[in-house]
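>>> I would like to see how this sequence folds:
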Amino acid sequence: MNAPPEGGEDRVFGIHAVASLLAEDSPRVRALWVQSGLRSERIGALIDQAKRAGIRVESHPREQLSARAEGSHQGVLAFCHAMALADEHELERRWSEFTQPLLLVLDGVLDPRNLGACLRSAEAAGVDAVLLPKRRSAPVSAVARKVASGAAERLFIVEVSNLARRLEWLKKQGVWLIGALGEASVGYASVDLTVPTALVLGGEEQGLRKLTRQACDYLVSIPMHGKVSSLNVSVAAGILLFEALRQREG
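Model prediction:
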């Protein structure tokens, strides 16, 4: 029995996440583990896809996959070279490609499941780039990618050293910064999101930090009619992103 690959390793698990990885970035995959005795059309398609890409496919008991995955693996686990996020130089180099930018900025989202859910909504809404602070963010880990269901491999994700400074750079490029803040008096649907826009959301505990808040052109809230005082950051991100999409398509 072969040992799993080591060194500079990422693990991607779950049918959707692995399928997206094989489709978008198969050279990064070093080996594919499949649960022994598990047969389905989707699993078979993944095995065929991996073999066509020259990737080693191995059969292992469910217990071994569970020991190396960080959640429900659905019988598939890919070992791959670590995923490198884009840097700010790459953002500047590619900026001219964005004709009417829609960006998502996450200021301190620390739960990988929330991060993954935000990435999934961002990809579905056609976001041009997602900006994450280098020091205050959950990593784009196996858990985040599993929740993102393949979105992480398709998105342009940028790691930012100084978020406040990068937000000021965006403003100089003509981007309007729209921050989500529960106590804001402006409703999210009343702001024009058809212009170049960066939607800025804070983390689970502190929300938007002071410098991030101050950088925003508008602070908006999502009306709450029940007894719950706030929404999960990934839910709020989905609402704002699809309001932007609604306005742009309308």
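>>> list the buried residues of the helix ranked longest in the chain.
Secondary structure assigned by DSSP state H gives helix 233-249 as the longest helix of the chain. For helix 233-249, a neighbour-count test (16 or more other Cβ atoms under 10 Å) marks 233-234, 236-241, 243-245 as buried. Just so you know, the C-beta spots here come from the backbone N, C-alpha and C atoms, and that holds for glycine as well.
>>> quick one: contacts for the residue lying closest to L170 once chain neighbours are set aside?
What sits nearest to L170 in space, not counting adjacent residues and going by Cβ to Cβ, 6 or more residues apart in numbering, is A198, at 5.6 Å. With contacts defined as Cβ atoms under 8 Å, 6 or more residues apart in numbering, the neighbours of A198 are 101, 103-105, 131, 167, 170, 175-178.
>>> can you list contacts of stretch 126-138?
Under Cβ under 8 Å, 6+ apart, the answer for stretch 126-138 is 85, 91, 98, 101-112, 114-115, 118-119, 122, 140, 144, 155-161, 163, 166, 198, 203, 241, 245.
>>> and that stretch, average pLDDT?
The average pLDDT for stretch 126-138 rounds to 94.
>>> mind checking which of the contacts of stretch 126-138 are in strands?
Residues of the contacts of stretch 126-138 located in strands (DSSP state E): 102-107, 157-160, 198.
>>> check those and tell me the two furthest apart.
Pairwise distances among the ones in strands among the contacts of stretch 126-138 were taken by Cβ to Cβ; the largest, 19.2 Å, belongs to L102 and E159.
>>> which one of these two has more residues nearby?
Using other Cβ atoms under 10 Å as the criterion, L102 and E159 rank with L102 on top: 23 against 18.
>>> quick check, pLDDT for that one.
If you check L102, the pLDDT there is 98.
>>> quick check: it vs I222, distance?
Here the criterion is Cβ to Cβ, to the nearest Å. By it, L102 lies 18 Å from I222.
>>> from S72, how far off is the residue nearest to A236 when sequence neighbours are not counted?
Nearest non-adjacent residue to A236, counting by Cβ to Cβ, 6+ apart: A180, 5.5 Å away. From A180 across to S72, the span is 30 Å (Cβ to Cβ).
>>> more neighbours: the two, which one.
Applying other Cβ under 10 Å to A180 and S72 shows that A180 carries more neighbours, namely 25 against 10.
>>> show me the beta-bridge partners of the more buried one.
Note on A180: beta-bridge partners by DSSP bridges are V220.
>>> quick check: it touching Y218?
No: the criterion here is Cβ atoms under 8 Å, and A180 misses it with Y218 at 10.0 Å.
>>> mind checking pLDDT for A198?
98.
>>> now it, which residues is it bridged with?
Per DSSP bridges, the residues bridged to A198 are L103, L177.
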